[in-house]
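Enquirer: show me the folded form of this:
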Amino acid sequence: MDTTMKESTEPQSCLVTQEGTQEGAQKLMNRLWQICANQAAAGEAGYRAPLLAAAPVTDHRVERLRAAHPELVDPAACLAEARSIIAVFLPFRQELVQANRRADYPTESWARGYVTTNSLLATIASEMVEALAEAGIAAVTAMPTYDFDKEGLTAAWSHKHMAWACGLGEFGRHQMLITPAGTAGRFTSLVIDEIVTDRPGIWRPETGRFDPPAPQLCREAAGCRACERACPTGALSTTPFDRHACYAFLLEVDQAYPDLPLSDVCGFCACAGPCAVICD
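Expert: The predicted structure is shown next:
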(Lines give C-alpha, C1' and ligand atoms only; values in the text may rest on other atoms or scores of the structure.)
Protein backbone atom coordinates (compact mmCIF):
# COMPACT_ATOMS: atom_id res chain seq x y z
CA MET A 1 0.00 0.00 0.00
CA ASP A 2 1.15 3.55 -0.68
CA THR A 3 2.19 5.01 2.64
CA THR A 4 3.64 8.31 1.47
CA MET A 5 2.09 11.17 3.40
CA LYS A 6 2.99 14.27 5.32
CA GLU A 7 2.73 13.94 9.08
CA SER A 8 3.06 16.56 11.76
CA THR A 9 6.56 16.61 13.25
CA GLU A 10 5.44 18.21 16.50
CA PRO A 11 5.14 16.08 19.66
CA GLN A 12 1.55 15.59 20.76
CA SER A 13 0.27 16.36 24.22
CA CYS A 14 -3.46 16.46 23.43
CA LEU A 15 -4.73 13.45 25.38
CA VAL A 16 -8.30 12.69 26.40
CA THR A 17 -9.52 9.99 28.78
CA GLN A 18 -12.55 9.44 30.95
CA GLU A 19 -10.66 11.17 33.76
CA GLY A 20 -10.67 14.26 31.57
CA THR A 21 -7.09 15.33 32.32
CA GLN A 22 -3.77 15.05 30.56
CA GLU A 23 -2.25 13.74 33.79
CA GLY A 24 -4.76 10.89 33.88
CA ALA A 25 -4.01 9.98 30.27
CA GLN A 26 -0.28 10.02 30.90
CA LYS A 27 -0.76 7.73 33.87
CA LEU A 28 -2.77 5.30 31.74
CA MET A 29 -0.26 5.23 28.87
CA ASN A 30 2.66 4.86 31.25
CA ARG A 31 0.94 1.95 32.94
CA LEU A 32 0.45 0.21 29.60
CA TRP A 33 4.06 0.88 28.64
CA GLN A 34 5.28 -0.45 32.00
CA ILE A 35 3.39 -3.69 31.44
CA CYS A 36 5.24 -4.09 28.14
CA ALA A 37 8.60 -3.16 29.65
CA ASN A 38 8.27 -5.48 32.65
CA GLN A 39 7.29 -8.46 30.52
CA ALA A 40 10.02 -7.73 27.96
CA ALA A 41 12.65 -7.56 30.71
CA ALA A 42 11.60 -10.98 31.99
CA GLY A 43 11.14 -12.54 28.54
CA GLU A 44 13.11 -15.65 27.66
CA ALA A 45 14.15 -14.59 24.15
CA GLY A 46 15.65 -11.26 25.25
CA TYR A 47 14.36 -7.92 23.99
CA ARG A 48 15.27 -4.29 23.67
CA ALA A 49 12.96 -1.55 24.95
CA PRO A 50 9.40 -2.03 23.66
CA LEU A 51 7.55 0.54 21.58
CA LEU A 52 3.96 1.56 22.27
CA ALA A 53 1.78 3.61 19.91
CA ALA A 54 -1.83 4.66 19.49
CA ALA A 55 -4.24 6.17 16.99
CA PRO A 56 -7.90 7.20 16.94
CA VAL A 57 -10.02 4.89 14.78
CA THR A 58 -11.26 7.97 12.89
CA ASP A 59 -7.77 8.94 11.70
CA HIS A 60 -7.00 9.10 7.98
CA ARG A 61 -4.40 6.33 8.32
CA VAL A 62 -7.13 3.98 9.54
CA GLU A 63 -9.35 5.10 6.68
CA ARG A 64 -6.56 4.39 4.19
CA LEU A 65 -5.93 0.99 5.75
CA ARG A 66 -9.61 0.15 5.47
CA ALA A 67 -9.67 1.18 1.80
CA ALA A 68 -6.45 -0.63 0.84
CA HIS A 69 -7.22 -3.84 2.75
CA PRO A 70 -10.97 -4.46 2.97
CA GLU A 71 -10.21 -8.08 3.90
CA LEU A 72 -8.82 -6.95 7.26
CA VAL A 73 -10.85 -6.39 10.41
CA ASP A 74 -12.18 -2.84 10.56
CA PRO A 75 -10.88 -1.46 13.89
CA ALA A 76 -14.03 0.62 14.29
CA ALA A 77 -16.15 -2.54 14.09
CA CYS A 78 -14.16 -4.56 16.65
CA LEU A 79 -15.82 -3.09 19.69
CA ALA A 80 -18.97 -1.16 20.52
CA GLU A 81 -17.95 2.50 20.46
CA ALA A 82 -14.37 1.65 19.45
CA ARG A 83 -12.31 4.80 19.62
CA SER A 84 -8.59 3.97 19.55
CA ILE A 85 -6.02 1.40 18.48
CA ILE A 86 -3.09 0.56 20.75
CA ALA A 87 -0.09 -1.24 19.21
CA VAL A 88 3.03 -2.78 20.76
CA PHE A 89 6.36 -3.77 19.21
CA LEU A 90 8.83 -6.04 21.01
CA PRO A 91 12.24 -5.71 19.29
CA PHE A 92 14.53 -8.71 19.59
CA ARG A 93 17.96 -8.32 21.16
CA GLN A 94 20.77 -7.76 18.71
CA GLU A 95 22.53 -11.06 19.48
CA LEU A 96 19.51 -13.11 18.41
CA VAL A 97 19.25 -11.15 15.17
CA GLN A 98 22.96 -11.44 14.36
CA ALA A 99 22.99 -15.19 14.97
CA ASN A 100 20.16 -15.71 12.51
CA ARG A 101 21.75 -13.32 10.01
CA ARG A 102 25.00 -15.30 9.98
CA ALA A 103 23.34 -18.72 9.70
CA ASP A 104 22.80 -20.75 6.53
CA TYR A 105 19.45 -21.99 7.84
CA PRO A 106 16.99 -20.38 10.27
CA THR A 107 18.38 -21.02 13.74
CA GLU A 108 16.71 -22.90 16.55
CA SER A 109 17.18 -19.84 18.76
CA TRP A 110 15.20 -17.76 16.26
CA ALA A 111 12.45 -20.38 16.07
CA ARG A 112 12.32 -20.65 19.86
CA GLY A 113 12.27 -16.88 20.16
CA TYR A 114 9.29 -16.74 17.82
CA VAL A 115 7.35 -19.28 19.90
CA THR A 116 8.13 -17.71 23.27
CA THR A 117 7.49 -14.19 21.99
CA ASN A 118 4.05 -15.12 20.72
CA SER A 119 3.24 -16.43 24.19
CA LEU A 120 4.69 -13.32 25.81
CA LEU A 121 2.69 -10.99 23.56
CA ALA A 122 -0.50 -12.84 24.48
CA THR A 123 0.36 -12.25 28.14
CA ILE A 124 1.10 -8.58 27.53
CA ALA A 125 -2.18 -8.06 25.68
CA SER A 126 -4.11 -9.85 28.42
CA GLU A 127 -2.50 -7.72 31.15
CA MET A 128 -3.21 -4.56 29.18
CA VAL A 129 -6.86 -5.53 28.77
CA GLU A 130 -7.08 -6.07 32.54
CA ALA A 131 -5.39 -2.75 33.30
CA LEU A 132 -7.73 -0.94 30.94
CA ALA A 133 -10.74 -2.65 32.51
CA GLU A 134 -9.62 -1.39 35.92
CA ALA A 135 -9.72 2.11 34.44
CA GLY A 136 -13.23 1.53 33.11
CA ILE A 137 -12.07 1.08 29.51
CA ALA A 138 -13.17 -1.86 27.36
CA ALA A 139 -10.63 -3.50 25.03
CA VAL A 140 -10.40 -6.38 22.56
CA THR A 141 -7.38 -8.09 21.05
CA ALA A 142 -6.40 -11.14 18.99
CA MET A 143 -3.81 -13.88 19.28
CA PRO A 144 -0.32 -12.89 18.07
CA THR A 145 -0.45 -15.31 15.14
CA TYR A 146 -2.23 -18.19 13.34
CA ASP A 147 -5.46 -16.23 12.88
CA PHE A 148 -5.19 -16.29 9.10
CA ASP A 149 -6.73 -17.71 5.96
CA LYS A 150 -4.75 -20.85 5.05
CA GLU A 151 -5.41 -20.39 1.32
CA GLY A 152 -4.85 -16.68 0.86
CA LEU A 153 -2.33 -16.55 3.73
CA THR A 154 -3.77 -13.27 4.98
CA ALA A 155 -4.80 -12.50 8.54
CA ALA A 156 -8.17 -11.01 9.40
CA TRP A 157 -6.64 -9.12 12.33
CA SER A 158 -3.20 -7.94 11.21
CA HIS A 159 -1.14 -6.65 14.12
CA LYS A 160 1.45 -5.09 11.82
CA HIS A 161 -1.22 -3.18 9.91
CA MET A 162 -2.77 -2.01 13.18
CA ALA A 163 0.74 -0.90 14.18
CA TRP A 164 1.13 0.97 10.89
CA ALA A 165 -2.15 2.79 11.54
CA CYS A 166 -0.72 3.85 14.92
CA GLY A 167 2.41 5.24 13.29
CA LEU A 168 4.84 2.61 14.58
CA GLY A 169 6.55 2.35 11.21
CA GLU A 170 6.32 2.12 7.43
CA PHE A 171 6.41 -1.01 5.28
CA GLY A 172 9.68 -2.06 3.67
CA ARG A 173 10.66 -4.09 0.63
CA HIS A 174 10.25 -7.26 2.73
CA GLN A 175 6.57 -6.45 3.43
CA MET A 176 7.30 -5.95 7.12
CA LEU A 177 6.97 -2.85 9.24
CA ILE A 178 10.19 -0.96 9.95
CA THR A 179 9.91 0.76 13.32
CA PRO A 180 12.36 3.22 14.91
CA ALA A 181 13.84 0.15 16.65
CA GLY A 182 14.03 -1.85 13.42
CA THR A 183 12.00 -4.67 11.97
CA ALA A 184 13.32 -7.73 13.85
CA GLY A 185 10.63 -8.27 16.45
CA ARG A 186 6.94 -8.99 16.94
CA PHE A 187 3.71 -6.98 17.27
CA THR A 188 0.44 -7.13 19.13
CA SER A 189 -2.48 -4.69 19.16
CA LEU A 190 -5.75 -3.82 20.87
CA VAL A 191 -8.84 -1.76 20.10
CA ILE A 192 -10.27 0.23 23.01
CA ASP A 193 -13.35 2.37 23.63
CA GLU A 194 -11.44 5.43 24.80
CA ILE A 195 -9.50 8.25 23.13
CA VAL A 196 -5.87 8.56 24.22
CA THR A 197 -4.54 10.81 21.45
CA ASP A 198 -6.02 12.95 18.70
CA ARG A 199 -3.69 11.52 16.03
CA PRO A 200 -1.29 8.59 15.52
CA GLY A 201 1.93 8.65 17.47
CA ILE A 202 4.55 6.73 19.44
CA TRP A 203 4.36 7.03 23.22
CA ARG A 204 7.47 8.32 25.00
CA PRO A 205 7.22 7.60 28.75
CA GLU A 206 10.25 9.78 29.47
CA THR A 207 8.43 12.87 28.15
CA GLY A 208 4.83 11.84 28.75
CA ARG A 209 3.96 12.67 25.16
CA PHE A 210 3.37 11.05 21.78
CA ASP A 211 6.06 11.48 19.14
CA PRO A 212 4.93 11.77 15.49
CA PRO A 213 4.61 8.60 13.37
CA ALA A 214 7.86 6.97 12.31
CA PRO A 215 9.23 7.98 8.88
CA GLN A 216 9.97 5.63 6.01
CA LEU A 217 13.22 3.89 6.99
CA CYS A 218 13.49 1.36 4.16
CA ARG A 219 16.56 1.95 1.97
CA GLU A 220 15.17 0.30 -1.14
CA ALA A 221 15.17 3.64 -2.98
CA ALA A 222 18.90 3.93 -2.23
CA GLY A 223 19.53 0.50 -3.77
CA CYS A 224 19.35 -1.77 -0.72
CA ARG A 225 18.24 -5.30 -1.58
CA ALA A 226 19.58 -7.10 1.50
CA CYS A 227 16.26 -8.73 2.35
CA GLU A 228 15.72 -9.87 -1.23
CA ARG A 229 19.19 -11.42 -1.43
CA ALA A 230 18.72 -13.16 1.92
CA CYS A 231 15.42 -14.82 0.99
CA PRO A 232 16.02 -18.56 0.41
CA THR A 233 12.93 -18.90 -1.81
CA GLY A 234 13.14 -15.86 -4.08
CA ALA A 235 9.75 -14.77 -2.76
CA LEU A 236 10.84 -11.13 -2.59
CA SER A 237 12.09 -11.11 -6.18
CA THR A 238 8.55 -11.03 -7.52
CA THR A 239 5.83 -8.40 -7.51
CA PRO A 240 3.66 -8.96 -5.63
CA PHE A 241 5.56 -10.82 -2.93
CA ASP A 242 5.17 -14.62 -3.35
CA ARG A 243 3.64 -15.42 0.04
CA HIS A 244 2.99 -19.05 -0.91
CA ALA A 245 6.65 -19.76 -1.69
CA CYS A 246 7.56 -18.08 1.58
CA TYR A 247 5.07 -20.06 3.64
CA ALA A 248 6.10 -23.39 2.10
CA PHE A 249 9.63 -22.76 3.37
CA LEU A 250 8.34 -21.73 6.81
CA LEU A 251 6.55 -25.07 7.12
CA GLU A 252 9.80 -26.82 6.19
CA VAL A 253 11.59 -24.98 9.00
CA ASP A 254 8.89 -26.10 11.42
CA GLN A 255 9.70 -29.71 10.56
CA ALA A 256 13.38 -29.08 11.31
CA TYR A 257 12.60 -28.32 14.96
CA PRO A 258 10.18 -31.07 16.06
CA ASP A 259 10.81 -30.44 19.76
CA LEU A 260 9.30 -26.95 19.48
CA PRO A 261 5.63 -26.02 19.14
CA LEU A 262 4.64 -24.88 15.65
CA SER A 263 7.55 -22.71 14.53
CA ASP A 264 6.86 -21.82 10.91
CA VAL A 265 9.51 -19.11 10.80
CA CYS A 266 12.57 -17.98 8.90
CA GLY A 267 13.46 -14.36 9.69
CA PHE A 268 16.24 -14.05 7.12
CA CYS A 269 14.65 -10.99 5.50
CA ALA A 270 13.97 -9.44 8.91
CA CYS A 271 17.59 -9.92 9.99
CA ALA A 272 19.47 -9.21 6.77
CA GLY A 273 19.58 -5.47 6.26
CA PRO A 274 20.32 -2.23 8.07
CA CYS A 275 16.64 -2.04 9.03
CA ALA A 276 16.87 -5.16 11.23
CA VAL A 277 18.16 -3.35 14.31
CA ILE A 278 18.14 0.43 14.01
CA CYS A 279 18.85 1.47 17.58
CA ASP A 280 19.90 -0.40 20.68
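Enquirer: hang on, Pro215 packs against Glu170?
Expert: Yes. With contact defined as Cβ atoms under 8 Å, Pro215 and Glu170 form a contacting pair (7.0 Å). No exception for glycine: its C-beta is placed from N, CA and C like everyone else's.
Enquirer: chain center to the longest helix seen in the chain: distance?
Expert: Among the segments of the chain that qualify as a helix by DSSP state H, the longest is helix 108-134. A distance of 12 Å separates the C-alpha centroid of helix 108-134 from that of its chain, computed with Cα atoms, centre = their mean, to the nearest Å.
Enquirer: in that helix, which residues are buried?
Expert: Residues of helix 108-134 classed as buried under the neighbour-count rule (16 or more other Cβ atoms under 10 Å) are 108, 110-118, 120-122, 124-125, 127-129, 131-132.
Enquirer: low-confidence ranges in the stretch 101-250 of the chain?
Expert: When residues are selected by pLDDT under 70, those of the stretch 101-250 of the chain lie in 144-155.
Enquirer: which residue packs closest to the residue nearest the centre of the chain, ignoring adjacent ones?
Expert: With the centre of the chain defined as its mean C-alpha position, the nearest residue by Cα atoms, centre = their mean is Phe187, 3.1 Å away. If you skip the residues right next to it in sequence, Phe187 has His159 as its closest partner in space, 3.9 Å away by Cβ to Cβ, 6 or more residues apart in numbering.
Enquirer: sorry, back to before: out of Pro215 and Glu170, which sits in the busier spot?
Expert: Taking other Cβ atoms under 10 Å, Pro215 and Glu170 do not tie; Glu170 has more neighbours (18 against 12).
Enquirer: tell me which residues touch the more buried one, please.
Expert: Thr3, Trp164, Leu177, Ile178, Ala214, Pro215, Gln216, Leu217, Cys218 (Cβ atoms under 8 Å, 6 or more residues apart in numbering).
Enquirer: buried subset of the residues you listed?
Expert: By neighbour count, with 16+ other Cβ under 10 Å, those hold Trp164, Leu177, Ile178, Ala214, Leu217, Cys218 as buried.
Enquirer: which of the residues you listed sits closest to Leu52?
Expert: Leu52 has its nearest neighbour among the buried ones among the contacts of Glu170 in Ala214, at 12.7 Å by Cβ to Cβ.
Enquirer: quick check, that closest one in a strand?
Expert: No. Assignment of Ala214 by DSSP: H, G, I helix; E, B strand; the rest coil gives coil, placing it outside any strand.
Enquirer: pretty sure it contacts Gly182?
Expert: No. With contacts counted by Cβ under 8 Å, Ala214 stays clear of Gly182, the gap being 10.8 Å.
Enquirer: distance of Ala142 from Arg209?
Expert: With distances defined as Cβ to Cβ, to the nearest Å, the gap from Ala142 to Arg209 amounts to 28 Å.
Enquirer: related to what we said a few turns ago, now do the contacts for the residue nearest to Phe187.
Expert: Neighbouring residues of His159 by Cβ under 8 Å, 6+ apart: Ala87, Ala142, Pro144, Phe187, Thr188, Ser189.
Enquirer: point out the other helices and strands that the helix or strand encompassing the fourth one packs with.
Expert: When secondary structure is defined using DSSP states H and E, the element that contains Phe187 is strand 185-192. Under the contact criterion of 3 or more Cβ pairs under 8 Å, 6 or more residues apart in numbering; DSSP states H and E, the helices and strands touching strand 185-192 comprise strand 84-91, helix 108-134, strand 139-141, helix 159-165.
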